[in-house]
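J.: missing the sequence, but the structure's below:
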């Protein structure tokens with residue numbers, strides 16, 4: 001995809017984002033415009049919104065969808081599961097077993113135990129009344145069910161090795177095939193999660209207000225207990241980056257958040273703030289397989 005920034009651009013900030021996963025938004029800052037005056041964003045693009053309201057959309061996305069990961073989540077490739085780790089005491093899963101056998105030990109098993117406990121907790125939702133939309137109840141249970149599939153896929157993508165598969169080149173069985181399946185699970189089910197949550201948000205009269213059965217908290221898109229962020233996280237987000245070329249190679253990092261995040265080759269971390277120049281045409285190369 002190409003982006004031509006006018007030499008006389010009257011705005012200084014635009015955004016790149018994913019139509020499938022809204023939480024992957026990031027900033028572009030434009031410099032070098034020949035315009036006599038500039039504004040932060042193009043006013044004629046805002047519709048009924050004020051500039052402050054429009055800028056707040058991105059700020060809200062960063063706060064909600066690009067939080068610093070806890071150490072446990074960074075290890076597992078998950079995004080909000082540390083509270084459910086086997087080392088933690090969680091009343092809704094006490095006495096329950098999600099994996100057993102001699103091989104149910106180690107990091108991989110700990111990660112799966114956590115996300116399975118998380119799903120068990122999050123699928124227990126209240127049905128507010130006899131007139132509550134059946135689709136709303138379906139969606140409230142299906143969202144954490146899908147989230148568990150996504151989380152399991154991310155754990156496998158993060159911790160799986162070539163030893164877990166037949167030799168490379170074995171059709172429909174090798175690691176490349178499995179990782180293609182994993183990307184499909186993550187992207188398709190995340191897209192469906194956002195669609196179901198959007199339906200609940202758009203139909204409050206039909207959906208009514210649900211709570212979690214175990215602790216009485218309001219059921220949101222995750223329904224999960226918020227994790228404590230760890231300063232040890234190595235995934236940096238929003239770092240300013242001036243590309244060395246007008247061609248920017250984009251990749252998708254599955255582990256940086258619930259929806260994933262962009263990486264730009266040559267930039268630090270994920271969702272970098274791209275510093276681009278007016279009067280220039282940039283090419284965004286999305287040919288990497290991770291952009292499935």
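T.: Great, that's in hand. It should be emphasised that the depicted structure is a prediction, and the values quoted were computed from it without experimental measurement.
J.: low-confidence ranges, this protein, go.
T.: 216-233 (pLDDT under 70).
J.: what segments of it are helices?
T.: Applying DSSP state H to the chain gives helices spanning 51-65, 71-76, 107-122, 134-159, 175-202, 204-207.
J.: show me which residues of the shortest one are buried.
T.: So the one you mean is helix 204-207. Buried residues in helix 204-207, counting neighbours by 16 or more other Cβ atoms under 10 Å, are found at residue 207. (Glycine included, C-beta is placed from N, CA and C.)
J.: any idea which of the helices of the chain gets closest to residue 93?
T.: Smallest distance to residue 93 across those (Cβ to Cβ): 3.9 Å, for helix 107-122.
J.: give the other helices and strands that the closest one contacts.
T.: helix 71-76, helix 134-159 (3 or more Cβ pairs under 8 Å, 6 or more residues apart in numbering; DSSP states H and E).
J.: can I see the domain layout of the protein?
T.: The record assigns the chain these domain ranges, following automatic domain parsing: 2-66+235-291, 71-207.
J.: pipe the ones you listed into TSV and attach distance to residue 213 per row.
T.: Below are the domains of the chain laid out as TSV (distance: least, Cβ to Cβ, whole Å):
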stretch	distance to residue 213
domain 2-66+235-291	22
domain 71-207	4
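J.: nearest approach to residue 214 belongs to which of the ones you listed?
T.: Smallest distance to residue 214 across the domains of the chain (Cβ to Cβ): 4.3 Å, for domain 71-207.
J.: buried stuff in stretch 265-278?
T.: Using 16+ other Cβ under 10 Å as the test for burial, stretch 265-278 gives 267, 269-274, 276-278.
J.: run through who's touching that stretch.
T.: The contact list for stretch 265-278 (Cβ atoms under 8 Å, 6 or more residues apart in numbering) reads 5-9, 16, 24-34, 66, 235-245, 248-251, 253, 256, 261-264, 282.
J.: any idea how far residue 201 is from the residue nearest the centre of the chain?
T.: The centroid of the chain falls nearest to residue 259 when counting by Cα atoms, centre = their mean (1.7 Å). Using Cβ to Cβ, to the nearest Å, we find residue 259 at a distance of 16 Å from residue 201.
J.: ditto for residue 144
T.: Relative to residue 201, and taking Cβ to Cβ, residue 144 is found at 16 Å.
J.: what of residue 10?
T.: 34 Å.
J.: and if you look at residue 82?
T.: Between residue 82 and residue 201 the computed distance is 27 Å (Cβ to Cβ).
J.: next: residue 127.
T.: Counting by Cβ to Cβ - residue 127 and residue 201 are separated by 18 Å.
J.: so which of the two has more stuff around it?
T.: Ranked by neighbour count (other Cβ atoms under 10 Å), residue 127 and residue 201 place residue 127 first, with 14 against 10.
J.: hmm, residue 210 and that one touching each other?
T.: Yes: counting by Cβ atoms under 8 Å, residue 127 touches residue 210, with 7.3 Å between them.
J.: mutual contacts of these two, please.
T.: With contacts taken as Cβ under 8 Å, 6+ apart, residue 127 and residue 210 have residue 137 as neighbours in common.
J.: out of the helices and strands packed on helix 107-122, nearest to residue 54?
T.: Nearest of the helices and strands packed on helix 107-122 to residue 54, taken as Cβ to Cβ: helix 134-159 at 27.8 Å.
J.: now the closest one against helix 107-122, angle please.
T.: Going by axes from the mean of the first three to the mean of the last three Cα atoms, to 10 degrees, helix 134-159 is angled at 170 degrees with respect to helix 107-122.
J.: which elements pack onto helix 134-159?
T.: Where contact means 3+ Cβ pairs under 8 Å, 6+ apart, helix 134-159 is packed against helix 71-76, helix 107-122, helix 175-202, helix 204-207.
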